[in-house]
Every structure is written in C-alpha cells, then in structure tokens.
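Based on what follows, work out the 3D shape:
(3 chains)
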Amino acid sequence: MKYSPVLLFFCFLSAGCVRHQQQNSASSKIAEIHDTVVVKYAEGFDVNYYDGYLALISHSIRQNSFFADTLFLQTDPLKADSSMSYLSRNLNSIACQSSTHIAFLDLLNELDVVTGLCGMEYIQNVAVHEKLQKNGTLEICPGEQVSIEALQKLNPDLFLIYPFETTGKEKYNASGITSFYIAEYLETTALARLEWIKLFGVLMNKVNEANAYFEKVETEYLQLKRAPVDSARTFILNLPFKDNWHMPSANSLVVNLFEDAGLRYYYPETGLTENDLHSKEAVWNDALFADYWIIMASRPAGFSMADLVAEEPAYAGFKAVIQNQVIFCNTATSNYFSSGIAEPQVMLKDILFATGQLEDHEPEYFFLLN
Amino acid sequence: MKIKADILLLLAGLLLITLLFGLNLLIGDVHIPWSDITTLLSGGEVEQKTWSYIVESRLNRSVAAVFSGAALAVAGIILQVYFRNPLAGPGVLGITSGASLGVAFVILGGAGAASIAGGIGIIAAGIIGAMAVLALLMFVSRFVHNPVTLLVLGLMFGYFTSAIINVLFLWANLDDTREYVLWGLGSFEGISTENLIVLVSVIGLFLLMAVFLIKPLNALVLGSEYASSLGVNLKTTKLLVISITGVLAAVVTVYCGPISFIGVAVPQLVRILWTSKNHTVQIPAVIILGAILALLSDITVRLSGNSLPLNTVTALIGAPVIIYTIIKLNKRLA
Amino acid sequence: MLELKDITVAVGERRLFAVKSLVLQKGMIALVGRNGSGKSTFIRTILGEHADFSGTVLVDGKNPESLSALQKSRLVSVVYSRPRIFGNHTVLDVLALGRLPYQNLFSKISAADLHVIDQMAGLLKIKDWYAKSFNVLSDGEKQLVMIGRALVQDTPLLLMDEPAAFLDVVNRFELSVLLKKIADETGKLIICSTHQLDRVEKDCDGVLLLADEELKLLTDSSNFLKTINASFGIS
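Alright, predicted model coming up:
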C-alpha cells in the first residue's frame, strides 16, 4: 500500500479525530437529518453527517500546498459519541483572521458574534465597519501579525484562520483556542467561493438561510452565464509590478468569472501556481491583440483612462485602450473583497454590461474606464 | 608603452559597452528584429504599435544601467582612496542606506514616486540622507584609523537606518510599504524618459566634476598629511568628496534602489586590470567597467526572466572580488 | 630661507618652546629634543598647520599661513616617519607624485618631470627600482623612495619628521650620510628631527636643540654632542 502524501498529512494533522471516525464508520451517513448541507461546487470544504454529529472538513485544493482541518459539531446530543470533543452549537464569540470571513457572517446577519478581527482598518464596507466598532470588536493583529496575547485575552469560541502558515495553528492550539482553516479564496469559481456560506450556516445554525441565499444567487448566476466562450473577445488581466506581470492562472476564479461572461482569456494554458509570470514587454506585445483589459487595482476615486496611460505611455498602444475596452474595478472604492464575494451575479452583470451584452444595469464593481 | 596598453583597454571597454548595450536592446521575451530596432531608434515607425515602447523601455534601462554603474563605481573609487580603504564603497559605508532613509521618509510619508512633488522630494531627501551619513563618517574617521572598524561603522549605519525604516513602516499604509519594498530590491527597469533625463544629466554633471578630484586623489594615496604638502587643499577636497559621492550614490539609489557591490568591486578590478595609477586613467576606467558590470547584471536579470533580483546578480559578481581583496588585505597587514 | 622672530609656541595651556631669532639658509640641520619637547610641533608650525604661537615665521620671506596649499607645496616638501601608500604603485609612480604641484588638472607627467625624477633618483641611486612595486620594498628602501619623492618636489626647504624612526642601524647610518650629501650637492635647507646622535657631528651643519622650553641653534660642530648631552643632563 502506498499512502499519498496528502493522506499522510491529513492523518498527521487530525490524528486524534481519525480514530473516532473509524469507530463510527459503520453507522455513518444518516440521511434523515433536516437542514443538511450538500456541497455542489466548492472543492475546499465538506460537511459529513454521522449518527448524532457532523464533521466540518476544510482542505487544500491544489497540489502546491497541503493542509486539512476538521471540526465536529453535535446534531443530536443523545446519540453523539460522548468520548469525542465537539465545538459548541452556541457560538458567542468568533475571531476572524480575514475580512472575507466577515462578509459571510454579515450575509447571515451574525456580525454580533465577531469579537476579534485582523485588519479592522481594511474593512471597506462602511456599515460593517461601523457595526463592528459599535460592538467593540477587538483588533487582534496589531502590526500585521496575530497577537497571541490579544487572542488569549479575547478567548473566542472559535478562531477562523487562513492556511498561509501551519505554525500558527499549533500556537493557537497550545493556547487552548480552537481554530479552523477557511480557504474560500482558493476556489476556482465565484459560485464555489460563495458556497462557503453553507459552512458558516452550519457553524451559526443557519443552514436554511445559507442554502436559500446560495440557491437564489446560483439560479440568477446560471441564467446570466454565457455558455460557449466567444473567441472574438479576448482579455488580459491586471497590472505589472516593475518588470513582472503576474497573470492569474487560466483556472483561477477571476478568469472563470470573466469567461462566464463569454470572454476568452488570452493565456489559456494553465500553470500549477495561482499566477503565471510574464514579462512586462511580452504582455505589452500581447496587448496589441487582446480585446479587453480587465484591471482590479487600488487607485484614487475617479481614476480615468488618461490616468492609466499616464502611469505608462506604452498603454496607449494597447488594443483595449484604443478601443475603449478597459474594464476597471477599483478595490479601494468598491467592496470587491467583501460584498463582491456575496454577489457574484452582480459582478457577472457588470462584465456583461461593460461588454455590451446587457442593457439597463448600474455597475457595482466593474465598469468601463473612461 | 604601458600607457598605450591602458588606453587600448579603455577603448576595448568602450567597444564592449556598445556590444552589451546592443545586446540588451535585442534580447527579450518579444522578438524584435534588429532592423526594426534601428528603424525605431532613428525615429522611424514599425508595424507593431507597442514595439516602440518596448524598445524605449529596453533603451531606458540600458542607459540607466550604464550611468548608474558608472556613478556607483566612481563613488566607490573616490571613497576608497579618501578613506584609504579598499573595502569602502557607497553601499558598505552606509551611504546608500542614508539615501534609502531619505527615500523612505518620502515614500512612506505618502508622497508617491509618481507625483511631481514626490519625485523632487525623493531626490532631495535621498541626497540629504547620503550626505548626512558621509559627513558623519568623515567626522568619525578622525578617531578611527583601522579600515575594518570604519566598515563595521558603515554597516551599523545601515542597520540603524533599516531599523528606523521598520519603525516608519508602522505608520505607513500597505500600498506605500509595498512600493518601498519593491524599490528596495533594486532594478534598472521602469524609469520613465523624463526621470532618465534627470538621472543622466545629474550623473553626467557630477562625473565631470570628478575631474577636480584627479590630483587630490593622486596625492591622497600617500595620506592626507602628504597630500596637503603636495598642494592639495584638504577642505575643498573633503567638500568635493562629500558632494560628488553623495549625489552620485543618492541619485542612483533614488531611481534604481540600493544597488550593492558595484561600487566596491569595480575599483578593485580596475587596480588589477589597469597599470597607470593616475586617476586621469583610473576614473575613466572605473566609469567604463562600472557601466559594463551594470549592463551585464541587467542582461543576466533579464535572461533569468526577471526571476533574479538585480542585487543578487551584482552580489554574485561583486562578492568574490571583495573576498579576494580581504585575503590580500590580510596578507599585507600580517 | 627660514626665519623665526620672537616665537613662542604652545599647545593649549602648555608652553612648548620659545626662540628670539633664528635664520637658516641652507645645509643639513638636525632637530634634536626629548619626546614631547615639540619637534613635530616645530615642523607643523613651519608648515603653517599649527596656529597656536606668537611671533613671526617666514618661509622664503612669506608667512606660511597666508600661502595656499599649492604655493606652500612649491616651497616646502616633507618626509614623515611611516611610509604608507594606498594602491599597488611602482617606485616610479611614487616618485612621480612629487611633481603634482607642477601639473595640470589631469596630472600629466611631462618630459621635464621625468628629467627631474631621473636626476633625483640618480642622486639616491634608486633608478634601477623604477618598475619595482613600492609595497614589497623594505622599510629602509621605502623611506629612501619617500625622500626621493620629496626631492622630486623640488623645494628649497625639506622638512623630515623622524624619517629614521623605523629604520635599522645600518639604514640610519646610510640615511644620515645621504642627507648630508644631498644638502651639500643641492644647496637645499634640510631640517630633520632625530633621536640619533652618533652622526650629528660628522653629518650636520647645525643642530636645532629643543630643551628647557628653548630652541637653540648650535653651529660649533665639534661640540654638538657635548652640548646636547649637557642639556639633557647626561654625561
């Protein structure tokens, strides 16, 4: 028998839990439970139902990183194996490492449970920011890094973290704080990312609300989605740093979102990493032929086409610039990183509107640069 | 006959610069035929609209490399002779750190390099920072005679300024911090034509000013007492050394980031390759060799698909030269 | 050549020495005195580098403090005790540095410069060393080259601050004889501070004695040693 490294790593991380799962494997997967979650698109998380309890599992998607995490929650205290440890069903206090976690909790109207947050100042949604401030939500990452002391003082029921580094989790465990990996950003489609709302629904006992919201958006999105990709509308993405132009890989969330609008990515060959590195001048050359140029960047409000060309005169030669087909999302002024997650159908509409495939729409995130 | 060999070597160096310059225009991810490059350089037009920008970008970075390499190397030789220290250079003595601190104050203070006020402010702040460190070094060097001690002091200035910069990070926003970090990696890339004109004219002017240091440097190899008895005005010389090396190092640092090793290594190589000890020969020699090494480094960076930072490449070339110098220095002191 | 009138030299609060009147024209003069008696300060006073004194110093009839570095460099050349150079210069390179005060901005060495270098190197018999690397020479050889460099500077006054400090007995002997020969053949005024007294009576035309805060010129060569020893309190 040859164990795959993924499996080995998984066993290593959750060694204590695996034993119990095996004991219960015979009686697992009870179908009767109401308010269940069925995962349709997301690849990074699973909800498995057992007799009296459920397991929330999150794990890596791609080959270039390995992580996995499991949480157990009781569904029926009488039936659940009493030798296992479960997360409370009444969470009073959650700390979040990412503002995207806030977006999901906000959708479920559960912002009050957030007692600690990393990067409070980066919350762009004014209403959310005000609400958190009113609640006295604590900044737990002064100076970019998670402060263990602040976390211990807060002592949340659950700390939602992203799996950038695995040493963090060990530290939180040692401090007696339950943590859980949330890696919604690794999903390759906008619907899959939104589907993580179901996981938050399980945590907050709001599975029905979560399912309903997701289904509503899903239906709308699928109706808007343009099926065959139109090869006459190619696009390139983003801006270079110095001489390096990082193009999101062909299987990334943004590329899939724009292809759902019927556009065709100029770089269809996919690499293993999240971004493929191109040189500035190579992209300059490709830009002679690409019809659309979609930019997500932080710029001052009122950023115009003239401002863009002023940043680099070479842009004047881009086909998308000449034909006025630069689509811009200002991450400084729009809520791309918060509510954008919640409403992929609106982003899709924005793109369709910007590419003349939809009429009567007020752009929210993406608009044609003038 | 020896003078002739030195001059031939200078001419060969010039030829090599021309070749490397041409090579840096030709290579790249986009294949542009030489005929189109010459058409574009002579003001003509070609079919592909962005090619003119690609060639301009390659041209700008090549010109930036030539002038920056020359500037750092000249600053290096002046500092080495002035402090009578073969390991001195704008980087090791902390002069680029001083310039970096000035730049950090401006960038992290929120004035982007793109804005006009930010642009002028950054140059001024860089020059002030570099000259402040130099003045401090000259003051301290009165009490410190061991060449290695002076270097350790320079390194301490470097650590101290980077500590201050880290403290500044606390107040800076994420975008400004990233702009500073990117700048700190060092690169000849991305200099606009307007900025390049400033870089070329300021460096050109101060390289010409180095002519006034030829005689003082020739005399200073004997030490300041002897130099004075040979008719060198020490006060004027000190002023010239501070302003020329300060401005040269600062302008390069502001536009291309803190670039290490070229300033230390080039004068060493020139001492090995050229026989004349007259700085009338040595200064043109360091200018040419500095330009060559900078161009070679940039070509290496570009051939690596920009995956190697410029400072990694200059370290690969420069560090062995410095190690060789330290071994030689120890032999002499032993 | 060198004139001192009513001079009192001090370092801070401490008075070093005084002299009423002193006129030197040419010849080999030894500057003798105990440690800290002010030999180096005397030399720096003549160079216009030590300002803490009262009275008048005239070099070739001019106040050295009022002269520019370049003007001074054509009147006075110096040899210090430790010869050091930065760079791998040859002996010819070092000798040529003596012509710096006469060169243009680019330090070009003219045929006339080479002629002077040849002449002085001939006098010191070091012409064969031209291509040798200065750094590999012995201390004695290095000091000889430095003296050659000072001669090449072609000044009427040569100041030497303990040039023999790091030389062995044989080298000191040879240097002493050589300096006398140079003074005789070139007609220059050489003032050379030294602790070595065994050759003063034979090789010096005069002795400047620094003792008891006084600078005295001894000219009776047969009595040099006796007078010096008496003032130092040794018999």
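
C:Thr41 versus whichever residue of chain C sits closest to chain B, what's the distance?
Closest residue of chain C to chain B, C-beta to the nearest C-beta: C:Ser73 (3.3 Å). For every residue, glycine as well, the C-beta is placed using N, CA and C. Going from C:Ser73 to C:Thr41 by C-beta to C-beta, to the nearest Å gives 21 Å.

Name the residue in the two with the higher neighbour count.
Set C:Ser73 next to C:Thr41 and count neighbours by other C-beta atoms under 10 Å in any protein chain shown: C:Ser73 wins out with 24 against 20.

How about the contacts made by that one?
Counting by C-beta atoms under 8 Å, 6 or more residues apart in numbering or on different chains, C:Ser73 makes contact with B:Ser229, B:Leu230, B:Gly231, C:Leu100, C:Pro101, C:Gln153, C:Thr155.

mind checking how far it is from chain A?
52 Å (C-beta to the nearest C-beta, to the nearest Å).

and that residue, backbone torsions?
Here is the backbone geometry of C:Ser73 (degrees, to the nearest 10): phi -70, psi -20.

list the contacts for the closest residue to it other than its chain neighbours?
Excluding its sequence neighbours, the residue lying closest to C:Ser73 (C-beta to C-beta, 6 or more residues apart in numbering or on different chains) is B:Gly231, at 3.3 Å. By C-beta under 8 Å, 6+ apart, B:Gly231 lies in contact with B:Ala219, C:Ser68, C:Ala69, C:Leu70, C:Gln71, C:Lys72, C:Ser73, C:Arg74, C:Leu100, C:Pro101.

Excluding chain neighbours, what is closest to the first one?
Nearest residue to B:Ala219, sequence neighbours excluded (C-beta to C-beta, 6+ apart): B:Ala227, at 3.9 Å.

on that earlier part again, distance of the residue of chain C closest to chain B from C:Ile46?
In terms of C-beta to C-beta, C:Ser73 sits 14 Å off from C:Ile46.

can you give me the helices in the stretch 201-350 of chain A?
Here the stretch 201-350 of chain A has its helices, by DSSP state H, counting those that start in this stretch, at A:207-224, A:253-260, A:280-286, A:305-311, A:319-322, A:339-342, A:344-354.

Tell me if I am right that A:Phe180 is in a strand.
Yes. Assignment of A:Phe180 by DSSP: H, G, I helix; E, B strand; the rest coil places it within a strand.

That one - how many residues pack around it?
20.

what about the strands in the stretch 101-250 of chain A?
With strands called from DSSP state E, counting those that start in this stretch, the stretch 101-250 of chain A shows them at A:114-117, A:138-139, A:158-161, A:179-181, A:234-237, A:244-248.

so what does the host helix or strand of A:Leu73 touch, helix or strand wise?
In this assignment (DSSP states H and E), A:Leu73 forms part of strand A:68-74. Where contact means 3 or more C-beta pairs under 8 Å, 6 or more residues apart in numbering or on different chains; DSSP states H and E, strand A:68-74 is packed against helix A:5-13, strand A:53-59, strand A:179-181.

From B:Met209, how far off is the residue nearest to C:Ser73?
20 Å.

Repeat that for B:Leu8.
Using C-beta to C-beta, we find B:Leu8 at a distance of 27 Å from B:Met209.

do B:Ile120 as well
21 Å.

residues touching the closest residue to chain A within the stretch 1-150 of chain B, list them.
Closest residue of the stretch 1-150 of chain B to chain A, C-beta to the nearest C-beta: B:Tyr53 (3.2 Å). If you count contacts by C-beta under 8 Å, 6+ apart, B:Tyr53 has them with A:Trp284, A:Pro313, A:Ala314, A:Gly317.

out of the residues you listed, who has the most neighbours?
Neighbour max across those (other C-beta under 10 Å) = A:Trp284, 26 neighbours.

pretty sure it contacts B:Gln48?
No. Counting by C-beta atoms under 8 Å, A:Trp284 stays clear of B:Gln48, with 9.7 Å between them.

Good, wrapping up.
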